[in-house]
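# following is a predicted model, sequence given first.
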Amino acid sequence: MTVKTNLLDLDRFQLAEFLEGIGESSFRAQQVFKWIHQRGIVDFGAMTDLSRSLREKLCELAKINVPAFECESRSDDGTLKWLFPVDNANSVESVFIPEKGRGTLCVSSQAGCALECAFCATGREGFNRNLKVSEIIGQLWLAQNRFPETECRGARLDGSIPSRTVSNVVLMGMGEPLTNYDNVVHAVRIMLDDFAYGLSRRRVTVSTSGIVPNIDRLREDCPVSLAVSLHAPNDDLRSEIVPINKKYPIAELMEACKRYTDSSQGLVVSGVKWQRRGSPRDFVTFEYIMLAGVNDQLEHAQELISVTRGVPCKFNLIPFNPFFESGFNRSSEKTIRQFQKILMDAGLVATVRKTRGEDIAGACGQLAGQVKDRRTPRAKSAQVVSSSI
Ligand code: SAH
Ligand code: SF4
């Protein structure tokens with residue numbers, strides 16, 4: 001029996017190769033891609049500008065398996081969270097955040113996460129597996145094609161009708177995107193492709209806890225916006241709460257961030273010239289979670305200023321989002337504002353992230369999905385984590 005290729009796993013260049021491999025013109029890839037990603041059509045028979053023989057061939061050799069969501073939760077603030085099963089054992093979550101003039105989709109890249117950051121619900125779940133390209137891009141496909149557009153339009157405060165429901169994608173859902181590197185890069189290329197979603201590279205953000213070698217690879221392969229989960233200004237503290245720091249300490253991470261934002265050279269990616277030279281918006285966003293009594297003291301802010309010196313960056317302070325038995329508390333509003341002021345007084349751009357979807361456990365770090373058959377032991381109990389800091 002022929003194993004059918006899921007076309008949702010392929011970027012346009014891979015689809016062209018697939019079509020050539022079955023004796024068709026690679027040029028057809030553009031048409032097929034538009035049908036799938038722009039029109040949301042998954043039935044080859046409905047792809048009316050393809051020849052009948054190609055449609056028949058595709059029915060025989062290919063499939064388009066899109067995810068279906070199991071349940072949808074709706075926050076009072078308009079945020080939507082979808083849980084969708086990726087196989088019999090695991091479900092992952094994506095979150096859609098409507099705001100004035102834009103819609104941001106927060107996408108998962110793994111079922112669980114192996115990195116065990118102390119303050120993260122996903123890390124507590126353990127790791128099961130990497131998501132396939134189809135499971136990553138499927139989250140965007142689903143958001144674009146399957147939820148009632150009217151609701152999204154209603155969420156636009158200025159009443160405008162968006163041409164795209166999703167204008168921004170952040171890989172900040174479950175998992176560490178740079179440890180599922182190849183699949184994430186292929187999925188991101190589909191997001192950027194004009195024959196698919198056509199998002200600009202500035203509107204697609206990869207968030208990483210700091211996998212240094214793959215930050216360098218991303219810069220070469222697909223230089224989109226980069227967010228780095230810094231969370232502590234020195235190695236002792238960071239290694240406690242972000243254990244991957246033991247492997248890639250802060251000094252190495254800062255050097256990688258400098259290389260990432262180095263605009264002295266243009267880059268060629270898949271035949272597309274990326275215009276990086278002289279771009280004023282090339283900066284790294286440092287994410288910094290505000291944990292009461294852990295990393296939120298004023299001297300931490302001062303240390304942060306010196307440790308990030310020389311890196312084109314801005315800061316996004318994230319109020320900690322609590323979850324059951326986390327062992328941490330959110331810093332007070334006053335502390336967060338004081339911390340922000342110290343950074344701003346030093347000439348840095350520092351924003352405070354508005355927490356969205358908290359009532360549906362859809363805020364940063366609250367996504368847990370359902371991860372079964374974990375391959376890493378559960379993280380230490382909340383008690384042990386908090387007492388070791
Ligand atoms: N693994 C990647 C992306 C997913 S986590 C990373 O770590 O960057 C997305 C963001 O949510 C990260 O900045 C992460 O540190 C943050 N986060 C994790 N748990 C959180 C929590 N409980 N409250 C607030 N932010 C959290
Ligand atoms: Fe993984 Fe990111 Fe959570 Fe850390 S914060 S455990 S890297 S998902």
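Perfect, thanks for sending it. Ligands and ions are numbered 1, 2, ... in the order given.
# contacts and neighbour counts: CA atoms only from here.
Fine.
# who touches L50 in this structure?
Neighbouring residues of L50 by Cα atoms under 8 Å, 6 or more residues apart in numbering: R28, Q31.
# how about it, secondary structure?
Secondary structure, DSSP: H, G, I helix; E, B strand; the rest coil: L50 is coil.
# which residues touch I136?
V107, S108, S109, V184, A187.
# CSV for these, including secondary structure, distance to ligand 1 and neighbour count?
Shown next, in CSV, are those (DSSP: H, G, I helix; E, B strand; the rest coil; distance: Cα to the nearest ligand atom, whole Å; neighbours: other Cα atoms under 10 Å):
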residue, secondary structure, distance to ligand 1, neighbour count
V107, coil, 9, 26
S108, coil, 8, 28
S109, coil, 8, 32
V184, helix, 12, 26
A187, helix, 16, 25
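# out of the residues you listed, which is nearest to V66?
Distance to V66 across the contacts of I136 (Cα to Cα) is lowest for A187, with 13.8 Å.
# and the residue of the stretch 1-150 of the chain at minimum distance from ligand 2, what element?
Nearest to ligand 2 in the stretch 1-150 of the chain, going by Cα to the nearest ligand atom, is G123, at a distance of 3.5 Å. Taking DSSP states H and E as the criterion, G123 maps to helix 121-125.
# can you name the element that comes right after that helix?
strand 127-130.
# off-centre distance for that following strand?
Computed by Cα atoms, centre = their mean, to the nearest Å, the chain-centroid distance of strand 127-130 equals 16 Å.
# next SSE downstream of it?
Next in line after strand 127-130, if elements are assigned by DSSP H and E, sits helix 133-145.
# show me the contacts for the residue nearest the centre of the chain.
Geometric centre of the chain, nearest residue: L171, 0.2 Å, by Cα atoms, centre = their mean. The contact partners of L171, by Cα under 8 Å, 6+ apart, come to C106, V107, S108, S109, P177, V204, T205, V206, S207.
# go with 10 Å
Applying Cα atoms under 10 Å, 6 or more residues apart in numbering to L171 gives the contacts 94, 105-109, 136, 177-178, 184, 188, 204-208, 226-227.
# which of those residues fall in helices?
Judged by DSSP state H, helices contain the following of the contacts of L171: I136, V184, V188.
# TSV for those, including pLDDT and distance to ligand 2?
Shown next, in TSV, are the ones in helices among the contacts of L171 (pLDDT from 0 to 100; distance: Cα to the nearest ligand atom, whole Å):
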residue	pLDDT	distance to ligand 2
I136	97	15
V184	98	14
V188	97	18
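# quick check: A346 touching T308?
No. Look at A346 against T308 with Cα atoms under 10 Å: they stay out of range, at 11.7 Å.
# quick one on the thing from earlier: how close does the residue of the stretch 1-150 of the chain closest to ligand 2 sit to C117?
Look at G123 and C117: by Cα to Cα, to the nearest Å, they are 6 Å apart.
# check which helix or strand covers W82.
Since the elements are taken from DSSP H and E, W82 ends up inside strand 80-85.
# what angle do that strand and helix 133-145 make?
Comparing the axes of strand 80-85 and helix 133-145 via axes from the mean of the first three to the mean of the last three Cα atoms, to 10 degrees yields an angle of 140 degrees.
# can you give me the helices in the protein?
Listed in chain order, the helices of the chain (DSSP H) span residues 12-21, 28-33, 52-61, 121-125, 133-145, 149-155, 181-192, 212-221, 235-241, 250-261, 298-307, 333-345, 382-388.
# of all these, which lies closest to G357?
Taking those one by one with Cα to Cα, helix 149-155 is closest: 14.0 Å.
# hmm, back to that, out of A346 and T308, which sits in the busier spot?
Using other Cα atoms under 10 Å, the more surrounded residue of A346 and T308 is T308, with 20 against 11.
# help me confirm that that one comes into contact with F283.
No. Under the criterion of Cα under 10 Å, T308 is not in contact with F283, lying 12.0 Å apart.
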